[in-house]
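> Here is a sequence together with a model predicted from it:
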Amino acid sequence: MEEPFYLVPTFWVAVSFFVFVGMAAKPLGKAFANMLDTRSAQIASELEQAKRLREEAQAVYEHYRTKQAESLKEAEAMLARAKEDAAQMATHAEAELKSMLDKRMKLANERIAQSETKALENVQNHVVDIAIAAARSLISEHLERGGSKELTLQAAAELERKLH
């Protein structure tokens, strides 16, 4: 027959194994739980740090987005100001050019008028000279036939003085 189970060495090896595992399970369980608690605390800390870093990154992102919007508005204002300045400069340059052209046209007209006046004076002087010469010659012929050469010269000199 068979031996009772408590006399079998395998039974006692199994019982001692379970007792050993039961006794070792508590400290090993605590160690394992501590290890898991430490790991979960580390993960929670890392998650908190990641959350904080994400919030900081979001704040920096918002700050730079605001700066970009401000810079864009400033650039648009500068562009509008530059366009306005360019339009004013163009208007001013156009007015200056028109003024300069008007002055040159006026100066040219004055020069033309002066040239016309001078030419007219030259023609008048030439006509007067011709008239004086003709008058002298007529008077001289008339007086030579009638006499008095001195009277002719005096009359010619006086005629020239009165005509000029």
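Cool, got the structure. Numbers count the residues shown, from 1 in each chain.

> all contacts plus neighbour counts: C-alpha atoms, from now on.
Will do.

> the bottom helix or strand of this protein by mean pLDDT?
helix 149-163 (a mean of 69; mean pLDDT, DSSP states H and E).

> Need the pLDDT of the residue most central in space within the chain.
Residue closest to the mean C-alpha point of the chain, counted by Cα atoms, centre = their mean, is Ala82 at 5.1 Å. Looking at Ala82, its pLDDT reads 96.

> Helix, strand or coil: sort out it for me.
helix (DSSP: H, G, I helix; E, B strand; the rest coil).

> Next: Glu2.
Look at Glu2: counting by three-state DSSP, its state is coil.

> Number the residues from 716 up from this point.
Okay, using 716 as the starting number, the last item reads as Glu717.

> What count of nearby residues applies to it?
6 (other Cα atoms under 10 Å).

> Quick check, pLDDT for it.
73.

> Please apply the same query to Pro742.
pLDDT at Pro742 comes out at 87.

> got it, and the one 3 residues further on?
In this model, Lys745 is scored at 89, pLDDT.

> any idea how far whichever strand or helix holds it is from the chain center?
For Lys745, the host element (DSSP states H and E) is helix 724-861. In this view, helix 724-861 has its centroid 4 Å away from the chain centroid, taken as Cα atoms, centre = their mean, to the nearest Å.
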